[in-house]
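Novice: model this:
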Amino acid sequence: MKADTALLHLIRQTSHLIAQLKPEDYCRPLVEFENNSLGQHFRHILEFFQCLEAGVESGTIDYAAHNRNPLYEKSPEVASAALEAFSAGLAAFDPAVPVRVRAEFGSDDRPCFDSTVGREMLFVYDHAIHHLAIVKIGLTCCFPDIDVEKDLGVSPSTVKARAKVEN
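Specialist: So this is what the prediction gives:
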């Protein structure tokens with residue numbers, strides 16, 4: 001599977017979840033998340049996608065510079081529209097193009113490292129899977145009526161390994 005196809009699948013999964021949540025549930029603080037919300041996780045996933053997109057355009061990706069837009073964590077409609085906008089541009093990404101990634105290690109020194117668009121597509125994909133695993137916990141604990149795919153938040157390598165054990 002190509003990176004853009006994998007990201008589109010994750011975006012569809014995410015959009016499916018968002019569409020099932022009532023706006024008040026989307027932004028409700030959850031004890032399981034130390035009073036953070038599902039919307040905050042969706043915002044975080046989305047903003048890393050947007051950092052990738054901005055970096056593809058500028059040549060330097062800076063994940064620490066994401067906007068932390070409160071609309072994305074409070075409004076499922078706004079977050080869904082932004083996910084759709086990101087997915088519309090994915091086909092234009094060339095995985096072979098070199099980019100720089102600005103690091104954040106907690107000091108004023110923010111070195112840049114060489115990477116490629118494809119490597120960073122893999123990063124935001126894995127990052128989204130990680131957050132979707134957390135979202136799945138919140139949904140299971142607090143919203144058991146939401147339709148959640150069995151493999152949501154599970155790495156493809158784990159899905160393959162589980163399939164081998166089951167066969």
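Novice: now the residue lying closest to Leu90 once chain neighbours are set aside: how far from Phe93?
Specialist: With CB to CB, 6 or more residues apart in numbering as the criterion, Leu90 has its nearest non-adjacent residue at 4.5 Å, and that residue is Asp4. For every residue, glycine as well, the C-beta is placed using N, CA and C. Separation of Asp4 from Phe93 (CB to CB, to the nearest Å): 6 Å.
Novice: overlap of the contact sets of those two?
Specialist: Contact with both Asp4 and Phe93 is made by residues Met121, according to CB atoms under 8 Å, 6 or more residues apart in numbering.
Novice: all helices of this structure, in order?
Specialist: In the chain, helices defined by DSSP state H lie at 3-20, 23-26, 38-58, 70-74, 76-89, 117-142, 156-166, listed in chain order.
Novice: in CSV, list the ones you listed along with mean neighbour count.
Specialist: Compiled in CSV, the helices of the chain are given as follows (neighbours: other CB atoms under 10 Å):
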stretch, mean neighbour count
helix 3-20, 17
helix 23-26, 14
helix 38-58, 21
helix 70-74, 18
helix 76-89, 16
helix 117-142, 18
helix 156-166, 10
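Novice: looking at those, which is closest to Arg110?
Specialist: Ranking the helices of the chain by proximity to Arg110 (CB to CB) places helix 38-58 first, at 13.9 Å.
Novice: surely Tyr26 and Pro76 touch.
Specialist: Yes. Taking contact to mean CB atoms under 8 Å, the distance of 4.5 Å between Tyr26 and Pro76 places them in contact.
Novice: so what sits against both of these two?
Specialist: Taking CB under 8 Å, 6+ apart as the contact criterion, the residues that touch both Tyr26 and Pro76 are 18, 39, 42.
Novice: can you give the distance of stretch 159-167 from its chain's centre?
Specialist: Between the mean C-alpha point of stretch 159-167 and the mean C-alpha point of its chain there is a distance of 25 Å (CA atoms, centre = their mean, to the nearest Å).
Novice: er, stretch 124-135 actually
Specialist: Distance of stretch 124-135 from the chain centroid (CA atoms, centre = their mean) equals 6 Å.
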